[in-house]
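J.: Pasting a predicted model and its sequence here:
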Amino acid sequence: MARVLIVDDSPSQLMGMRRIVEKLGHEILTAEDGAQGVEVAKREIPDLILMDVVMPNLNGFQATRSISKEPTTAHIPVILVTTKDQETDKVWGMRQGAKAYLTKPVNEAALIKLVNELLPG
């Protein structure tokens, strides 16, 4: 069982992703904005992070960059999960250190495939 951090300011989106990932048997950690996401990532060292982009305080691009540059969290794969569907957004997200990019509404099969591919082990 892996530990997956889900960072999203929308309670309904958070619950939807939580339901999908819990079905795979993983433990869930949550954060409601990018700043809290970075804090939880540093404290808990999850195995994988699902990160929204459009959030208050610190957006998902900024949070992903912070996590990928921090030596203690740089190894954690980040999947950006966002409504931002432009190719430039995807390119920018990957440049910030994300390992994958999914657009909302989340396709359950696509999310499961990425979670399984990116989790260590």
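T.: Perfect, I can see it now.
J.: tell me which residues in the longest helix anywhere in the chain are buried?
T.: Looking across the chain with DSSP state H, the single longest helix is helix 11-23. Within helix 11-23, the residues scored as buried using 16 or more other Cβ atoms under 10 Å are 13-14, 16-18, 20-21. Where you see a C-beta, it was placed from the backbone N, CA and C, and this is true even at glycine.
J.: Output the below-cut-off pLDDT ranges for this structure.
T.: Under the criterion pLDDT under 70, the flagged ranges of the chain are 121.
J.: name the element Ala35 belongs to?
T.: helix 34-44 (DSSP states H and E).
J.: Tell me the helices and strands packed up against the next helix or strand after that helix.
T.: Once helix 34-44 ends, the next helix or strand along the chain (criterion: DSSP H and E) is strand 48-51. For strand 48-51, the contact count by 3 or more Cβ pairs under 8 Å, 6 or more residues apart in numbering; DSSP states H and E identifies strand 3-7, helix 34-44, helix 60-69, strand 78-82, helix 108-118 as packing neighbours.
J.: Describe which strands the fourth one pairs with in its sheet and in which direction.
T.: Each strand pairing with strand 78-82, determined using DSSP bridges, is listed with its direction: strand 48-51 (parallel), strand 100-103 (parallel).
J.: For those strands, could you give me TSV that also reports mean neighbour count and distance to Leu119?
T.: Output for these, formatted as TSV (neighbours: other Cβ atoms under 10 Å; distance: least, Cβ to Cβ, whole Å):
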stretch	mean neighbour count	distance to Leu119
strand 48-51	28	5
strand 100-103	19	12
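J.: for this protein, which residue is closest to the average position?
T.: Leu50 (1.7 Å; Cα atoms, centre = their mean).
J.: For the residue lying closest to it once chain neighbours are set aside, which residues are in contact?
T.: Leaving aside its chain neighbours, Leu50 sits nearest to Ile6 (4.7 Å; criterion: Cβ to Cβ, 6 or more residues apart in numbering). Neighbour list for Ile6: 14, 17-18, 21, 28-31, 49-50 [criterion: Cβ atoms under 8 Å, 6 or more residues apart in numbering].
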